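Novice: Make a model of this:
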Amino acid sequence: MIPACPLADLPRGEAFRLEIDPPVSVFHTEDGELFAIDDTCTHQDASLADGWVEDCWVECPLHASKFNLKTGAVDAPPAKLPVRTHEVVVEDGMIYVRLSEAAPNLPHCVAARLAGAPA
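Specialist: Okay, the predicted model is just below:
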C-alpha cells in the first residue's frame, strides 16, 4: 500500500495527487467517501485532480469528459476509455492506496513518456 496523506489533510470536495508513475489521485467527496483513480485523463494529458467533483464523478478540466470515481467509467467523448480505480484504505487516520494490477489506459503521449520513447 502507498501512503497518500492524513485524512485530516484532505477536506471534503478536494483531491490529493500521488506523484507516482502514472500519477494517482485520491478524491474525498462531499458525502465523505474516498476514491482513488488514475489521475491522467485517458484522452489527453490532463490531471483529474484539477477537475471538478460532483457526486461520484470528476470532470476533466481540459475537455469536460467525466469519470465515475467508483467504477472509472467515462461518460462521453472526447475520452473513450475508462480510468483504473484503486482501493483506498484508512488506517490510524492515514489514507493509503492499494494500486490496481490492471494496465492503465493512458493517452499516447503519456504512455510514450513513461516508456522512454518519443511522444
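
Novice: would you list every one of the helices in the chain?
Specialist: Taking DSSP state H as the criterion, the chain contains helices spanning 108-115.

Novice: Now do the strands in it.
Specialist: Per DSSP state E, the chain carries strands over the ranges 2-6, 14-18, 24-28, 34-38, 52-54, 57-59, 66-68, 85-91, 94-98.

Novice: So for Asn105, which of those strands sits nearest?
Specialist: Counting by Cβ to Cβ, Asn105 lies closest to strand 34-38 out of the strands of the chain; the figure is 7.5 Å. C-betas here are computed from N, CA, C, even on glycine.

Novice: Now do that closest one and strand 85-91, the angle between them.
Specialist: Inter-element angle recorded for strand 34-38 and strand 85-91: 140 degrees (by axes from the mean of the first three to the mean of the last three Cα atoms, to 10 degrees).

Novice: Pro77 and Ser65 touch, don't they?
Specialist: Yes - Pro77 is in contact with Ser65 according to Cβ atoms under 8 Å; the separation is 6.8 Å.
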